[in-house]
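In: structure, please.
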Amino acid sequence: MTRRATWWIAAASAAGVLLAALPLLQRHSPGPIAAVHAGVDALAGGEACAACHGGLFGTMRAACNGCHVEIDAQLLERRGLHGSFDAAQAAACGDCHGEHHGAGFVLVNRLAFSQAGFADREAFDHRRIGFEMRGKHTSLACAECHANADKEVLAAGERRFLGLLQDCGSCHRDPHQGRMQFGCTTCHDQQSFQRQVVESHARWLPLTGAHGTAGCRACHAATDGHALERLLPGAATAARQCGDCHATPHNESFVAGVAAAAGLPAGAACNLCHRVEAGAFAAASATVSAEQHAHAGFPLAKPHDRAACAACHAPDLAYAERHPGRGADDCASCHQDPHQGQFAADARWARGCIACHDHDHFTPPAFGPERHAATALPLDGAHAELQCKACHLDPEPAVARRFTGTPSRCEQCHQDAHAGAFAAAAASLPATPRGECARCHDTGSFAAVPALRFDHAAWTGFGIDGAHAEVDCEACHRPTPEPDATGRRFGRIEAPAPAAPTCTVCHQDPHGDAFAGAPATIDGRQGCRRCHDTASFRALTPGFDHGASTGFLLAGRHAEAACSACHARLPAPDAHGRSWQHARGRDCADCHADPHQGQFERLGRVDCARCHKSITTFAALSFRHNLDARFQLGAQHAEVPCASCHETETRGGKPFVRYRPLPTACVDCHGTEQGGAGASRRRM
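Out: Sure thing, here's the model as predicted:
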C-alpha cells in the first residue's frame, strides 16, 4: 500500500471518530457535582466534562492528576496509598471517588476506603503507607492528626489526609531541643515517650527488668560522663558493671567469695543472684545457690535448703533487718519461740533450740528418755512408751504447750483408782518425790503391785493371815468385766467407812445375823472374830464365851454336853459352808419336852426357868406356893404332901402331874358337913 493511501485511511478513521464523538460533546452533566469541585472555575459547575473526563484524546487519570499533583507523584513514584494500586485501579479514579451526587457528597467516603481494601476509614491500616501505628497512636481519632479529616468542604489548598510527615518532630515537641545525636526512635517507641527502646540499648546494656522502667537520666545524668548528649551513633561505649552504678549492701567476704567462685570481678557478680529481668534488686525472685549462701556464713543444710528466700528474708523489710547476719544454730533469730520462754532461764537448755531439737527437723524432738532423766520425772516403765502429748497436753489456742512445771507426781496426772481410801494412811507417812501412788506401784504397770511394797494391814486395817494368806487377791477383789473410768478392773471391798473390812463383806453370815447385836469380847474382838479366827471358820477361838455371845450360858449339865447335842451335824455343808445346824433356841422348851403338857404356857411360851432356876438339876424347884400360885398354903396345908393335891393324870398316853387348873375353894377338896371329908373334889 502506498503512503498516500495510508494517509487517507487514517484521516477517514479520525473523521469517523470525530463524527461519533460529536453527540457526546453535546451532552450535559448527569447531576450536580460535589461542592468542592463546583467551586473550581475550570469545571464550570460540572458542565466542563472534559476537564475531569479527559476530552477526546485524554484520560480521567490525566485529567484528575492535572489538579491533584500529589496523587500523581505517588502514582509515578509508587509510594503512598495511591502508589500501592495496580495500573487499572490507579487509572479508575471514579471507582473510588464518585461524582454527580450533589453538593453535599463527600468524595473521600466509605466506598473509597472499601475500594482501597478497608472496611471503612477507622479500619485503615497506616502500614499501607509505610507508617506502622502502635501504642498510643492506635487510640487516636483521625482528626487528631489530620485536622481536616471530618471537614465536609475543603477550602482551596487544604488537604484532608495528605501533607503530614512521619517524623516524630512534625507532631511532637523536641524536649531535648536538638541536643541529641540520635533520632527519636532510637530511644523511644510509640507505647510511651518515656519508655526506652530495648533493641537499640542492648548493644551496651539490655533494658530488661528494672532497667527497662528506669528513666534515662537515672543512668545518663546531664553532668555525667555517660550523658545522653555525649553519645554518638555508632560510638563504642564500654558496658558498665553493676558495681559502677549500684553500691552493694553485702559484706565484702560474701561478695568476694561468690565472685571468686564464678571467676568474675566483684563488681560484676551481682547478676549471679539478681537477674535484671526479675525487676527490683531486692525482688523475691533473686536466686542464691546453697554454695553461694555458704559464703554468707550460713550453709543451707536441711531443712533450710527447702525454704524460699522470703521465708527467712522478708522482702518488705529494710535490708539490714532482712539480712541481720544469723548463725545456723541461732534458731530464735528466725523462729518464734513456740514454748513462750519456758526454757529461757534454765541453764540446762542454754544451747537454745538445739538442746532438744535436731538441726534438720523440729519434730519429732531429739528429747528422749536419756534427756528426760534430768527432769523431775524420769521416763521409765510405761511412761517411756507414751507420746509427749500424752502428758504435755494439746494447748488451747494462743497458749504454748507446757513443758516446764508440768506435773511429776502420780496423783497429779492419774485419777485415784482407790477413791481416797488410802488418803488418811498416806498422810501420816513422809512425802515421796514420785507421789503417793509410787509407795505401792511402779511405772511398769499400774495393775502390778510388788509384794514387798504393800502392807495390807497398814493400808487397809485388815491383815492377810491364816487362810486369807493362801488365796489370790482376786478371790476377794473380784475383777470387773469392764474397766472403770480410771482403768481399774480390780474389784473393790466395799467396807462401811471408816471401819476396816468385816468378815461379812466377803462371807455371808451363816448365823443369819443371830449375833449382830452381841457385845465385843473382853479383848475387844467383835463380829465374827469374837468366835472365829482366819485359820479356820469351823474352829472356834479359845475362850469362846457361849453366854456372852449367844445369851445362853453353858453351865451345869449344859456345860458337860457336846456341841452336837444342841447343834446337830448336817449331812452336807450348806450354801455358807456351815456343817452344824442352828440350835433350836435358848428356851428350855426349844430343846426339852414339856413334862407339864402346856400347863404353864403363857402367851404361847413356856418359861421353865420361873420354877427351875437351878443349872445343875431340873428337880430343884424355885417355887414359892404362897407367891407363885393362886392358893396360899396355910399351917395345915403346908404339911400336906404335894401329891395329895397334885395327882398324876394321863393325857395322850403320857402321864403328867396336874398343877393347874386346880380348885381353890375348901369345899372343892373337903366337901360339906353332910358330905363329909371324903366327898369327891370338883375340878375347876
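In: how is the protein carved up into domains?
Out: As given by automatic domain parsing, the domain ranges for the chain are 31-166, 625-684.
In: what is the end-to-end distance of the longest one?
Out: End-to-end distance of domain 31-166: 39 Å, with CA to CA, to the nearest Å as the criterion.
In: quick one: average pLDDT of that domain?
Out: The average pLDDT within domain 31-166 is 88.
In: make CSV out of the domains of the chain and add distance to residue 306.
Out: Using the backbone N, CA and C atoms, a C-beta is placed for each residue, glycine as well. Converted to CSV, the domains of the chain look like this (distance: least, CB to CB, whole Å):
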stretch, distance to residue 306
domain 31-166, 44
domain 625-684, 115
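In: so where do the helices sit in the stretch 351-500 of the chain?
Out: Here the stretch 351-500 of the chain has its helices, by DSSP state H, counting those that start in this stretch, at 369-372, 388-391, 410-413, 423-427, 456-460, 473-476.
In: could you give the number of residues near the residue lying closest to residue 546 once chain neighbours are set aside?
Out: Nearest non-adjacent residue to residue 546, counting by CB to CB, 6 or more residues apart in numbering: residue 554, 4.4 Å away. Applying other CB atoms under 10 Å, we find 17 other residues in the vicinity of residue 554.
In: re earlier: out of the domains of the chain, which gets nearest to residue 505?
Out: For the domains of the chain, proximity to residue 505 was assessed by CB to CB; domain 625-684 is nearest, at 49.4 Å.
In: in the helix or strand where residue 113 lies, what's buried?
Out: Taking DSSP states H and E as the criterion, residue 113 maps to helix 110-115. Within helix 110-115, the residues scored as buried using 16 or more other CB atoms under 10 Å are 112, 113.
In: distance between it and the chain's centre?
Out: How far helix 110-115 lies from its chain's middle: 71 Å, per CA atoms, centre = their mean, to the nearest Å.
In: how near is the closest residue to residue 103 other than its chain neighbours to residue 154?
Out: Of all residues beyond its chain neighbours, the one nearest residue 103 is residue 35 (4.0 Å), with distances taken as CB to CB, 6+ apart. Residue 35 is 9 Å from residue 154, where distance means CB to CB, to the nearest Å.
In: go on, residue 297?
Out: Taking CB to CB, one finds residue 297 at 78 Å from residue 154.
In: so who does residue 574 touch?
Out: Contacts for residue 574 (CB atoms under 8 Å, 6 or more residues apart in numbering) come out as residue 510.
In: what about it, helix or strand, and which?
Out: Of the helices and strands defined by DSSP H and E, none includes residue 574.
In: before we move on, what about residue 655?
Out: Assigned by DSSP H and E, residue 655 belongs to strand 654-657.
In: what does that strand rub up against?
Out: By CB under 8 Å, 6+ apart, strand 654-657 touches 595, 596, 597, 599, 643, 646, 647, 648, 649, 650.
In: excluding its backbone neighbours, what's nearest the first one?
Out: Distances taken as CB to CB, 6+ apart place residue 656 nearest to residue 595, at 6.1 Å, with adjacent residues excluded.
In: next, count neighbours for the one you found.
Out: With other CB under 10 Å as criterion, residue 656 counts 16.
In: please apply the same query to residue 353.
Out: The local packing of residue 353 (other CB under 10 Å) involves 20 other residues.
In: identify the residues contacting the nearest residue to it once chain neighbours are set aside.
Out: Of all residues not flanking residue 353 in the chain, residue 331 sits nearest, at 3.9 Å (CB to CB, 6+ apart). Residue 331 is in contact with 352, 353, 354, 357, counting by CB under 8 Å, 6+ apart.
In: using PDB, list the CA coordinates for stretch 54-74.
Out: Backbone C-alpha positions of stretch 54-74 (Å, rounded to 0.1, in the frame of the first residue of the first chain) are rendered in PDB as follows:
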ATOM      1  CA  GLY A  54     -10.100  14.000  29.700                       C
ATOM      2  CA  GLY A  55     -11.800  15.000  26.500                       C
ATOM      3  CA  LEU A  56     -11.500  13.400  23.100                       C
ATOM      4  CA  PHE A  57      -7.800  12.400  23.400                       C
ATOM      5  CA  GLY A  58      -7.300  12.500  27.200                       C
ATOM      6  CA  THR A  59      -7.900  10.100  30.200                       C
ATOM      7  CA  MET A  60      -9.700  10.700  33.500                       C
ATOM      8  CA  ARG A  61      -6.400   9.800  35.400                       C
ATOM      9  CA  ALA A  62      -4.600  12.500  33.500                       C
ATOM     10  CA  ALA A  63      -7.400  15.000  34.000                       C
ATOM     11  CA  CYS A  64      -7.700  14.300  37.800                       C
ATOM     12  CA  ASN A  65      -3.900  14.300  38.300                       C
ATOM     13  CA  GLY A  66      -3.700  17.700  36.500                       C
ATOM     14  CA  CYS A  67      -5.200  19.200  39.700                       C
ATOM     15  CA  HIS A  68      -4.100  16.600  42.200                       C
ATOM     16  CA  VAL A  69      -0.400  16.700  41.600                       C
ATOM     17  CA  GLU A  70       0.400  15.000  45.000                       C
ATOM     18  CA  ILE A  71      -1.600  12.000  43.900                       C
ATOM     19  CA  ASP A  72       0.200  12.000  40.500                       C
ATOM     20  CA  ALA A  73       3.500  12.000  42.300                       C
ATOM     21  CA  GLN A  74       2.500   9.000  44.400                       C
END
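In: that stretch: which residues count as buried?
Out: In terms of neighbour count (16+ other CB under 10 Å), stretch 54-74 has its buried residues at 54, 61, 63, 64, 65, 68, 71, 72, 74.
In: reformat those residues as JSON lines; add secondary structure.
Out: As requested, the buried residues of stretch 54-74 are exported to JSON lines (DSSP: H, G, I helix; E, B strand; the rest coil):
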{"residue": "54", "secondary structure": "coil"}
{"residue": "61", "secondary structure": "helix"}
{"residue": "63", "secondary structure": "helix"}
{"residue": "64", "secondary structure": "helix"}
{"residue": "65", "secondary structure": "helix"}
{"residue": "68", "secondary structure": "coil"}
{"residue": "71", "secondary structure": "helix"}
{"residue": "72", "secondary structure": "helix"}
{"residue": "74", "secondary structure": "helix"}
